[in-house]
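A.B. asks: Sequence first, then the predicted structure, then my questions.
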Amino acid sequence: MSFFIPTYFSPISQYITIVNSDEVLFETEDNFQKQTYRNRCYIYGPNGKQLLNIPIKHSSNSTKKKTKDTLVDNSVAWQKQHLKSIQIAYRNSPFFEFYQDDLLPIFLKEHKYLLDLNIETYLYITDALQISSVYKKTEEYIHNTKNDFRFLANSKLEHPYKFKPYTQMFDDKFGFIKNLSVLDLLFMEGPNAISFLENNKHKLTNCF
């Protein structure tokens, strides 16, 4: 069993481990942390690496909020903004049209909780990759455990591994950008994305 933080259209590094895990357990009893992949992802836009950030409702008091209780701020039209950014970035990619119909409902719904949204993106990706979508949630916070990949939610962590580059939309301008959202890999590689994830397992585990 491998432990993960539910993240928004997770980075490729997280799906390398998910694809190669027997069981997936999502940590939901931890405290929400800002500037992580919990509420952000990066895509390859026309101007290079592009941040898509989900606005969060923050309480007026200083009490820490658990991941499972974190609320999405839907007073901002972030869904429309994110969808438009993804369409602009990938509408000419090899496989965007193949996956876009199943992607649209995620952005047409107002999710109350960030956790529910992130789980829905997980189900979208596992369906697209045709891998098991089965997962479990923690019932209490897990302190020390084997196969702990919760650190992959840290967007500030500089991963030292090197993947064999795949073709990206604007790599002729900005070069290869590693560890973007798995959406980038999916729209560029399509069904071959699963092979990329499986074949890069050793490159991830050997670095930590």
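C.D. replies: Cool, got the structure. Numbers count the residues shown, from 1 in each chain.
A.B. asks: for this protein, where's the lowest mean pLDDT among helices and strands?
C.D. replies: Taking mean pLDDT, DSSP states H and E as the measure, helix 201-205 is the helix or strand of the chain with the lowest mean score, a mean of 60.
A.B. asks: Which other helices and strands does the strand or helix carrying Gln79 contact?
C.D. replies: With secondary structure defined by DSSP states H and E, Gln79 is part of helix 78-90. Helix 78-90 makes packing contacts with strand 40-45, strand 48-53, helix 96-107, helix 182-189 when contacts are defined by 3 or more C-beta pairs under 8 Å, 6 or more residues apart in numbering; DSSP states H and E. (C-beta placed from N, C-alpha, C; glycine too.)
A.B. asks: quick one: contacts of it?
C.D. replies: For helix 78-90, the surrounding residues in contact (C-beta atoms under 8 Å, 6 or more residues apart in numbering) are 43-46, 50, 52-55, 96, 100, 103-104, 107-110, 169, 183-184, 187.
A.B. asks: what mean pLDDT does that helix have?
C.D. replies: Helix 78-90 shows a mean pLDDT of 97.
A.B. asks: okay, the angle between that helix and helix 96-107?
C.D. replies: 170 degrees (axes from the mean of the first three to the mean of the last three C-alpha atoms, to 10 degrees).
A.B. asks: ok, and for the longest helix along the chain, which residues are buried?
C.D. replies: For the chain, the helix with the greatest residue count under DSSP state H is helix 114-129. Neighbour counts using 16 or more other C-beta atoms under 10 Å place 114-115, 117-122, 124-126, 128-129 of helix 114-129 among the buried residues.
A.B. asks: No more questions from me, cheers.
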